[in-house]
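Asks: Sequence and computational prediction follow.
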Amino acid sequence: MTPAARLQAAIDILDQVLAGEPAEKALTSWGRRSRFAGSKDRAAVRDHVFTAVRCLRSHAALGGARSGRGLILGALREAGEDPDEVFTGQGHAPAPLSAAERQLPPPAEGPEALDIPDWLWPEFRASLGQDAEAAANALRSRAPVHLRVNTPKGTLQQAQDALAADGIATRPHPAASTALEITEGARKLRNASAYADGLVELQDAASQAVVEQLPLEDGMSVLDYCAGGGGKSLAMAARARICLHAHDADPKRMKDLPERAARAGARVTLLSSADVERKAPFDLVLCDVPCSGSGSWRRAPEGKWRLTLEGLRALQETQSEILRRAAGLTAPGGTLAYATCSMLQAENTQQVQAFTANNPEWSLAAEQSWKVQDGTDGFYVAVLTRAKGG
Ligand SMILES: C[S@@+](CC[C@H](N)C(=O)[O-])C[C@H]1O[C@@H](n2cnc3c(N)ncnc32)[C@H](O)[C@@H]1O
């Protein structure tokens, strides 16, 4: 495919996304229909689509329309490229620009230029203060690819050497002692032996750093209460010889966990909600709660446009309910960790402050947050301890 044909493919896919189709699904069906597209074409089209979704407001403004064509035109203008070189109408290239499309719109400003919904901007700015613009701008670009080295299976250096042998260059990431950032060859990861052998897992460095904050010790009984695919379960299992249990309100989310654990050489027992009550109390409970995902909107940009104020308030209710339940599953003297991949205070400090205010037997032992502009996903963790007699 020519570069212009890739952009035309992105335009068609974006029109479907704007009509309500999830980007991943629209890309998959395009891929099935487009047997002629090679792996580089697919990667390029995917990049165009995800860039457009991350920068939906600003690129639509720059391109003069909220349409596939408008978004691609906006992206070219932002990149300082000449749209007439792409919109030629030749071969599979997009049709030439109309007179209306040639009109340069006035420059976007404020939340529109920063690609944040208007309703969210006051909350975003209040949460991030003077870092708000930098965070919003960071969310407009592609996320780096991070790996967690499964240290029971090998050292960082061994993982780097094994990855290099498969053409993948990495460097240690400062956010966590187990983290590597891929600097070249990320697309080769799925076929790399270090990945197949469970020496490395895909995991954001801040997600790993959250687990490094937990006071895990050999022999502890631990519950990952919102385990999902089990990324944090596996990271915990690598840190100490714990008796690890995983639970999720939607057990289907954990379906790959047994296989992932086997690959990593970890042991984890999956528990239903009823089993959790029977097995309680646990020495440590981690709640990696459902959240707005504002810290990972680079990876999942549709979430930024799907979130509403009502949705955010509903998430907050779920979060405080999970905190309340998880507290009841934690042993006296035990630890409860509350984590989100959000940068919004409403989901982070405000939740924890409300919890400790209502539950005086709990105190805050540690709290940390990571911001997306510092090279990781945005994350938050609070480590709470329960009084021995509490
Ligand atoms: C942020 S994801 C977890 C990601 C996972 N810990 C990881 O590192 O891969 C949140 C999970 O919480 C689950 N969840 C939602 N409501 C819940 C509830 N009331 N109790 C327990 N889990 C819940 C969701 O199904 C989802 O899998």
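Replies: Right, received. Where do you want to start?

Asks: list the buried ones in stretch 46-65?
Replies: Neighbour counts over stretch 46-65 (16 or more other C-beta atoms under 10 Å) mark 46, 48-64 as buried. For glycine as for every other residue, the C-beta is placed from the backbone atoms N, C-alpha and C.

Asks: And the strands in the protein, which stretches?
Replies: Listed in chain order, the strands of the chain (DSSP state E) span 146-149, 169-172, 179-184, 200-202, 221-224, 243-246, 269-270, 282-288, 330-340, 362-370, 379-386.

Asks: next one: the second one to chain centre, how far?
Replies: Using C-alpha atoms, centre = their mean, to the nearest Å, the mean C-alpha position of strand 169-172 is found 20 Å from that of the whole chain.

Asks: Parallel or antiparallel, list what pairs with that strand.
Replies: strand 179-184 (antiparallel) (DSSP bridges).

Asks: swap in the longest one?
Replies: Its sheet considered, strand 330-340 pairs with strand 282-288 (parallel), strand 379-386 (antiparallel) by DSSP bridges.

Asks: That one: which residues count as buried?
Replies: Neighbour count says strand 330-340 has T330, A331, G334, T335, L336, A337, Y338, A339, T340 buried, by 16+ other C-beta under 10 Å.

Asks: wait, which of these is closest to N359?
Replies: Relative to N359, the closest of the buried residues of strand 330-340 is L336; by C-beta to C-beta it sits at 9.8 Å.

Asks: Count the residues that sit near R171.
Replies: Using other C-beta atoms under 10 Å, R171 has 11 other residues around it.

Asks: And for the one 5 residues further on?
Replies: Neighbour count for A176, taken as other C-beta under 10 Å: 25.

Asks: Same question for E310.
Replies: 8.

Asks: before we move on, what about the one 4 residues further on?
Replies: By other C-beta under 10 Å, 12 other residues sit near A314.

Asks: Local confidence estimate at it?
Replies: You'll see A314 listed with a pLDDT of 98.

Asks: In the buried residues of strand 330-340, find the pair that's most separated.
Replies: A331 and T340 (23.7 Å).

Asks: Correct me if wrong: D115 contacts R57.
Replies: Yes. Using C-beta atoms under 8 Å, D115 is in contact with R57, at 5.0 Å.

Asks: which stretch among the strands of the chain comes nearest P106?
Replies: Here strand 362-370 is closest among these (C-beta to C-beta), at 35.7 Å.

Asks: would you list every one of the helices in the stretch 51-200 of the chain?
Replies: 56-63, 68-78, 99-102, 110-114, 121-128, 132-138, 156-165, 193-196 (DSSP state H, counting those that start in this stretch).

Asks: average pLDDT across the last one?
Replies: I take that to be helix 193-196. Mean pLDDT, computed over helix 193-196, is 95.

Asks: Quick check: buried residues in stretch 13-25?
Replies: Across stretch 13-25, burial judged by 16+ other C-beta under 10 Å covers I13, L14, Q16, V17, L18, A23.

Asks: what's the first-to-last distance across that stretch?
Replies: 10 Å (C-alpha to C-alpha, to the nearest Å).

Asks: Identify the residues contacting the most centrally placed residue in the chain.
Replies: Residue closest to the average C-alpha location in the chain (C-alpha atoms, centre = their mean): S296, at 3.4 Å. Under the criterion of C-beta atoms under 8 Å, 6 or more residues apart in numbering, the contact list for S296 reads A143, D204, G303, C341, D377, G378.

Asks: of those residues, closest to S273?
Replies: Looking across the contacts of S296 and measuring by C-beta to C-beta, the closest to S273 is C341, at 23.1 Å.

Asks: Excluding sequence neighbours, find me the nearest residue to that closest one.
Replies: In space, C341 comes closest to G295 once its chain neighbours are excluded; the distance is 4.3 Å by C-beta to C-beta, 6 or more residues apart in numbering.

Asks: G311: neighbour count?
Replies: 12.

Asks: hang on, the earlier thing: and the contacts of S296, which of them are in helices?
Replies: Under the assignment DSSP state H, the contacts of S296 contribute G303 to helices.

Asks: can you list the contacts of S296 in TSV and add distance to the ligand and pLDDT?
Replies: Below are the contacts of S296 laid out as TSV (distance: C-beta to the nearest ligand atom, whole Å; pLDDT from 0 to 100):
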residue	distance to the ligand	pLDDT
A143	15	96
D204	9	98
G303	12	97
C341	6	98
D377	11	98
G378	13	98
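
Asks: Kindly indicate which of the contacts of S296 lies nearest Q158.
Replies: Looking across the contacts of S296 and measuring by C-beta to C-beta, the closest to Q158 is D204, at 21.6 Å.

Asks: Pull the contacting residues for that closest one.
Replies: A143, H146, S296, T376, D377, F379.

Asks: let's go with 6 Å and repeat that
Replies: H146, T376, D377 (C-beta atoms under 6 Å, 6 or more residues apart in numbering).

Asks: same question, P152
Replies: A238.

Asks: ok so, going back, the helices of the stretch 51-200 of the chain: which one's closest to the ligand?
Replies: Distance to the ligand, taken as C-beta to the nearest ligand atom, is lowest for helix 193-196 among the helices of the stretch 51-200 of the chain, at 16.7 Å.
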